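Colleague: Got a sequence here, can you model it:
(chains A and B)
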Amino acid sequence: MDEQRIDEIINKYGGKANSVIMVLMDIQHENHWLPREVLAQVSEKLGVPLSEILHIATFYKTFSLKPQGRHEVHVCRGTSCHQRGSARILEKVRNLIGINPGETTSDLRFSLENGSCLGCCTLGPEMVVDGVHYRNITPEDVEEILENYK
Amino acid sequence: MARINSGPELEDARKVIVSKRELDKAWLAICGGISCLGGRDSLIHAFEEEIRKQALEGKVGVRVTGCHGFCAQGPNVVIYPEEICYVRVQPEDASEIVSRTLIGKKVVDRLVYTDPVTGKKAVHQSEIPYYKKQTRNLLGMNPRIDPRSIDDYLAIGGYSALAKALLRMSPEQVLEEVKKANLRGRGGGGFPAGLKWETARNAKAEIKYVICNGHEGEPGAYMDRAIFQGNPHLIVEGLIIGGYAVGARQGFIYTRHDMPRLRENVDLALKMAEEYGFLGKNILGSGFDFQIEVHLDVGIFVSGEASALMKSIEGKAPEPRPKYTRTAVKGIWERPSNLNNVETWANVPQIISKGSDWYAGIGTERSKGTKMISLSGNIVNTGVVEVPFGTSLREIVYDIGGGIPNGKKLKAVHFGAAMGGTLPVELIDTPLDFDALSKLGAGIGAGGLFVMDEDTDMVEMSRFFLDFLANESCGKCVPCREGIRQMLRIFSRMSEGKGKEGDIETLEELCEVGSLASLCALGKTTSSPIRSALRFFRKEYEKSIESKAGAV
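Modeller: Model (predicted):
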């Protein structure tokens, strides 16, 4: 991510110190992870110590300090999805792509997360890939869904 | 639209908007809730495309609305003015709906809701038992308005409560009205909103804040986003009125980052409210200035806790702090900060418009108004429900919820997810009431009602809740961080049938310490599901220990 783009994001929020979370979120959204040198630049521009920025970046689950895959797979492990069998969905995804939650495949195709409650409790179990919700799914559906994401 | 500068100007503007409405125009209201659309736009595109194809642009309107409520039957589409309700609508159905219903005014039978018990078809929303048995004072507006149109909100009387408060009432009178209505906080604690407002109002400070908490991180709770996404001006109006009563000129909205449509609707609502003059300087000529800023949660449960949320708005990591001083006295940047949940703010305009007497006439003696409930788990009709306080849980689960699927029996209902409590089937006639439920150890929480069928294993359920909390504990205080970990270890053993003699006693002790010594509500209420399971399902806990003894 180039320096100029980061400056644009910082300026969008007026360069105020309390905008640090919003700035990091925009960078995460565009770049899919937060490289160290980018954090250093944000620290300098906003006048927020790097230690504080790292505190924030490691606290929130959305931020990643490692490169992420091209596709983000979330298997919901909220109460309702759990009650409707989400453990089997997660198991199937793990078997298919060979990684655990919090990890990324070596070809950078997928990153896997298991957020708690992704919002479709009424139609669980659900899995979200790149923001698209797949609801009421069975382990048998998983392979076909993932095939759509190269 | 030019800025509206006075009460009479607002009423004139409203008259113009209403007079331009074509009451017989055909409208499609597509539910834009996350359960119905799932983050895709294919259904919306299918209808737009079909309208183009049949050259009906301008003659037929399409609005993508907030959640209609009946998620189990989604995607939901309602056709106005006849109010024909179609369920499980797919993009392939668009052509038939447009030509047969919108133009031909005929009902497409196969898309109509059929009652699974009686086999009766219900063409209109008002005939579907799920809707019929609710009192949808807040949610009922959702299918009728486009959340992206401030004119739609004005057409149903929007911002008249704001005009009344700012132009005809003093801040003290507004506060008094909310106190008399006995509006209690919908975010979890049920604390009277009026008292909180009063504390913030009386705190001595030049700058004060009001905050709308739309974090809604509790698993199984999704009613706030239904109203916030579907009717954002309602919450904005409530928040401005609150700012006026408290003496704040700055408001904050804190909401989720992972619901793009919600954020778009909120951002647009703020922009339009400013353009029309409901935000900014000298609102409606009253001399009152007010602004709202949006902040987002970036994915952690604890940032929905009041003091943590305020840290987050300051741009710091959201760790809770001890509450020796209430946030209403010292919150964001040490200034008085009055925080209420989305649903609480949504109730404010109707209290001001219709008066506290009207409001206090709904509900029970100490729980007034309606409550939105997210109904999930082992239940036929999952969705968002709104009922008056005092409605029995039986009515919610059976009459509205349609009972338990797959021929199973009800075992228990659970409120408040990982920090809530469970009630066994024997207590299903308990009324929905803040005090009645918290006495039984199952406080309403935010309003997520989770239904468990006879196959549910209570030890596994407790383990599951702790597993969630172990991930979400911020780690700042020891009783929460270490206590949860130790309890989780015991439950992991118990759920494999390897419980040890003394485990239950250790759990009881850990519950006690955690609830007394943790910094914030997360640690303090971790013990709630365990305590209520020990109260009503102790035998199941004991069995997971005996089975070990049996195996040896």
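Colleague: what does the stretch 451-552 of chain B have sitting close to chain A?
Modeller: Taking C-beta under 8 Å from any C-beta of the partner chain as the measure of proximity, the stretch 451-552 of chain B contacts chain A at B:M452, B:T456, B:F464, B:F465, B:F468, B:N471, B:E472, B:C474. All C-beta atoms are positioned from the backbone trio N, CA, C, and that covers glycine.
Colleague: From those residues, list just the buried residues.
Modeller: Neighbour counting with 16 or more other C-beta atoms under 10 Å in any protein chain shown marks B:M452, B:T456, B:F464, B:F465, B:F468, B:E472, B:C474 as buried within these.
Colleague: How many neighbouring residues does residue 139 have?
Modeller: Going with chain A. Using other C-beta atoms under 10 Å in any protein chain shown, the number of residues around A:P139 comes to 17.
Colleague: Switch to chain B, please.
Modeller: Neighbour count for B:L139, taken as other C-beta under 10 Å: 25.
Colleague: returning to what we had before: can you list the buried ones among the residues of the stretch 451-552 of chain B next to chain A in TSV and add distance to B:E540?
Modeller: Formatted as TSV, those follow (distance: C-beta to C-beta, whole Å):
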residue	distance to B:E540
B:M452	12
B:T456	10
B:F464	14
B:F465	15
B:F468	20
B:E472	25
B:C474	31
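Colleague: Spatially central, which residue of chain A would that be?
Modeller: Among the residues of chain A, the one closest to the centroid is A:T62, at 4.9 Å (C-alpha atoms, centre = their mean).
Colleague: How much space separates that residue from chain B?
Modeller: Noted for A:T62: a distance of 4 Å to chain B, by C-beta to the nearest C-beta, to the nearest Å.
Colleague: Go ahead and confirm that residue touches A:M25.
Modeller: Yes: A:T62 is within contact range of A:M25, at 7.1 Å (criterion: C-beta atoms under 8 Å).
Colleague: Between those two, which contacts overlap?
Modeller: B:H257, B:V298 (C-beta atoms under 8 Å, 6 or more residues apart in numbering or on different chains).
Colleague: Mean pLDDT per helix and strand in chain A: which one sits at the bottom?
Modeller: helix A:79-83 (a mean of 88; mean pLDDT, DSSP states H and E).
Colleague: hmm, back to that, can you list which of the buried ones among the residues of the stretch 451-552 of chain B next to chain A are found in strands?
Modeller: The members of these that map onto strands under DSSP state E are B:M452.
Colleague: Serialize the buried ones among the residues of the stretch 451-552 of chain B next to chain A to a markdown table and add fields for pLDDT.
Modeller: Shown next, in a markdown table, are these (pLDDT from 0 to 100):
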| residue | pLDDT |
| --- | --- |
| B:M452 | 96 |
| B:T456 | 94 |
| B:F464 | 92 |
| B:F465 | 92 |
| B:F468 | 90 |
| B:E472 | 88 |
| B:C474 | 89 |
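Colleague: of the buried ones among the residues of the stretch 451-552 of chain B next to chain A, closest to A:H133?
Modeller: B:F468 (20.2 Å; C-beta to C-beta).
Colleague: ok, residues contacting the least confident helix or strand of chain A?
Modeller: A:117, A:121-122, A:124-126, B:219-220, B:376-378, B:382, B:414, B:417-418, B:450, B:452, B:456, B:464-465, B:468.
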